[in-house]
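Could you look at this predicted model? Sequence included:
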Amino acid sequence: MLLNDSKNRPWMIAVAIVASVAILWFAYETIHGGVRLNGRSTPRVAFGIAGGLICLFEMLIWPRKALRKWGQKFPIGSTQLWMRAHLWLGLLSLPLLVMHGGIYPWGGSLSFWLMVLFLAVFFSGVWGLAMQQIIPGKMLKDLPGETIYSQIDFVSAQMRIEAERIVLLTCGKLGDDQLDVVTHSISVAGKARATTTKVAYEAIPNSEPLLTEFKSVIAGFLCPDPIFAHYLSSPQNRPKNPPRYRVPFSPLRDSQTAFVYFRGLKLLLDKAKAAYPAVDTIGDLCDRRRQFYQQRRLHRLLHGWLSVHLPLSIALIILMWVHVFVSLQYL
């Protein structure tokens with residue numbers, strides 16, 4: 001959800017007004033009383049109740065996502081509405097709960113660790129919001145060859161098969177003289193769209209270095225062996241999910257190093273210059289594969305923060321109820 005969306009303006013104004021009124025009230029009571037407000041003062045109790053209710057509401061976003069189909073049957077609001085409320089009420093909770101804690105210091109050890117946990121939840125959420133503002137635009141600009149995230153391994157296996165056929169045809173190891181080559185694929189409205197063209201390949205004398213380099217360097221970069229073996233297996237015997245693997249080191253991971261590598265490969269094929277188009281096509285496939293690696297890294301940045309934010313949020317709610325129970329003993 002982008003912050004520059006005009007639908008966020010009413011939320012922004014409302015949160016700014018409520019936060020300003022709360023800060024002015026807290027300041028007035030502090031100045032008027034002449035001493036630091038204690039935990040049983042009306043403003044701090046009110047801010048604690050309001051902040052706690054916001055925290056409880058924030059947690060409702062998780063069951064709302066899990067039961068999003070209910071929105072078609074019951075008037076519980078759209079997902080976008082819930083996300084806006086989650087964002088802006090979460091931002092409002094910061095001044096409310098900081099003032100509830102008495103600015104600083106935050107009382108006893110329970111209050112201190114509760115505030116530390118709240119700040120960790122808050123800033124992990126801010127980090128996730130920042131990633132949502134930056135990464136989608138970066139992916140759209142820098143990764144024109146991106147594909148559907150869940151299909152990266154499958155598409156990579158297909159690219160390795162495609163590159164292997166090009167190499168075998170060029171080196172005279174196959175009898176086919178024509179091949180469908182995927183020239184590019186772009187993501188349009190979440191769907192992969194590919195265009196193909198017919199490219200003729202003939203057996204080129206003295207092109208054996210291309211096959212050697214493909215087996216030793218290029219094949220493993222396009223699709224690591226465990227993933228490739230997974231998709232080569234029959235669908236009946238294939239596990240549901242591809243195996244996990246450690247990304248192998250390859251000089252092709254860096255665009256500049258890859259440029260030097262393919263230039264060196266062409267030097268090895270100096271006596272087989274007719275194979276240069278095949279080298280260029282394989283280089284294009286490697287470039288797209290390099291974009292997949294970048295896409296996966298950015299995707300983890302975009303969504304990985306939830307693995308921190310959600311457990312901390314659950315711990316915050318549990319500790320908040322402990323704080324409420326202990327506080328009631330002093331009223």
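All right, it came through fine.

Please count neighbours and contacts with C-alpha atoms only from this point.
OK.

Now do the strands in the stretch 51-200 of the chain.
178-188, 191-200 (DSSP state E, counting those that start in this stretch).

Lowest average pLDDT across these?
Among the strands of the stretch 51-200 of the chain, strand 178-188 carries the lowest mean pLDDT, a mean of 38.

Can you find the helix or strand in this protein with the smallest mean pLDDT?
strand 178-188 (a mean of 38; mean pLDDT, DSSP states H and E).

quick one: S20 from L96, how far?
10 Å (CA to CA, to the nearest Å).

just W127 next, same as before
Taken as CA to CA, the span from W127 to L96 is 20 Å.

The two - which one has more neighbours?
L96 (26 against 16; other CA atoms under 10 Å).

I figured that one was touching G48, is that so?
Yes: if you go by CA atoms under 8 Å, L96 and G48 touch, sitting 7.1 Å apart.

so what's I61 scoring on pLDDT?
With respect to pLDDT, I61 scores 83.

count of neighbours near it?
17.

And I314, by the same measure?
Around I314 there are 13 residues (other CA under 10 Å).

do L210 as well
23.

repeat for M159
Around M159 there are 22 residues (other CA under 10 Å).

Break this protein down into its domains, please.
Following automatic domain parsing, the chain resolves into domains at 6-69+77-143+305-328, 149-300.

and these, which one's lowest on average pLDDT?
Among those, domain 149-300 carries the lowest mean pLDDT (a mean of 80).

Any idea how far apart the tips of that domain sit?
End to end - CA to CA - domain 149-300 spans 10 Å.

tell me how far that domain is from the chain's mean position?
A distance of 25 Å separates the centroid of the chain from that of domain 149-300, by CA atoms, centre = their mean, to the nearest Å.

same check, this time on stretch 30-38
46 Å.

before we move on, what about stretch 130-150?
The chain centroid and the centroid of stretch 130-150 are separated by 9 Å, computed with CA atoms, centre = their mean.

Next, the buried residues of it.
If you call a residue buried by 16 or more other CA atoms under 10 Å, then stretch 130-150 has these buried ones: 131-133, 135, 139, 143, 145-147.

Narrow the residues you listed to those in helices?
Counting by DSSP state H, the buried residues of stretch 130-150 place 131-133, 135, 139 in helices.

neighbours around H309, how many?
Counted with other CA under 10 Å, H309 comes out at 19.

That one: what secondary structure?
For H309, the assignment made with DSSP: H, G, I helix; E, B strand; the rest coil gives helix.

List the residues that contact it.
Counting by CA atoms under 8 Å, 6 or more residues apart in numbering, H309 touches 121, 124-125.

now S207
Applying CA under 8 Å, 6+ apart, we find S207 in contact with 170-171, 269, 271-272, 275.

Which member of the contacts of H309 is positioned nearest Y261?
S124 (40.7 Å; CA to CA).

Against M83, how distant is the closest residue to that closest one other than its chain neighbours?
Here the nearest residue to S124 in space, its sequence neighbours aside, is H309; by CA to CA, 6 or more residues apart in numbering that works out to 5.7 Å. Noted for H309: a distance of 15 Å to M83, by CA to CA.

Equivalent analysis for E162, please.
According to CA to CA, E162 stands 43 Å off from M83.

what's the answer for C223, then?
Distance from C223 to M83, by CA to CA: 37 Å.

In terms of neighbours, single out the busier of those two.
Between C223 and M83, counted using other CA under 10 Å, the more crowded position is C223 (25 against 15).

list the contacts for the more buried one?
Applying CA under 8 Å, 6+ apart, we find C223 in contact with 153, 156-157, 159-160.

and if you look at R36?
Per CA under 8 Å, 6+ apart, neighbours of R36: 30, 102.

That one sits in which helix or strand?
Assessed by DSSP states H and E, R36 sits outside every helix and strand.

The one 10 residues further on too?
A46 belongs to helix 42-59 when elements are defined using DSSP H and E.

Now do the buried residues in that helix.
43-52, 54-55, 58.

Over to stretch 98-117?
Quick answer for stretch 98-117 (16+ other CA under 10 Å): 98-102, 106, 111, 114-115, 117.

that older thread, kindly provide the distance from the residue nearest to S124 to F118.
Note on H309: its distance to F118, by CA to CA, is 10 Å.

With K271 instead?
In terms of CA to CA, K271 sits 67 Å off from F118.

okay, the two: which has more neighbours?
F118 (24 against 13).

before we move on, back to that, how about the contacts of S207 in a markdown table, adding distance to S313?
Formatted as a markdown table, the contacts of S207 follow (distance: CA to CA, whole Å):
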| residue | distance to S313 |
| --- | --- |
| T170 | 57 |
| C171 | 58 |
| L269 | 59 |
| K271 | 64 |
| A272 | 62 |
| A275 | 58 |
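
For PyMOL, write a command that selects the buried ones of those residues.
Listed next is the PyMOL selection for buried residues among the contacts of S207, using 16+ other CA under 10 Å:
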select buried, resi 170+171+269+272+275
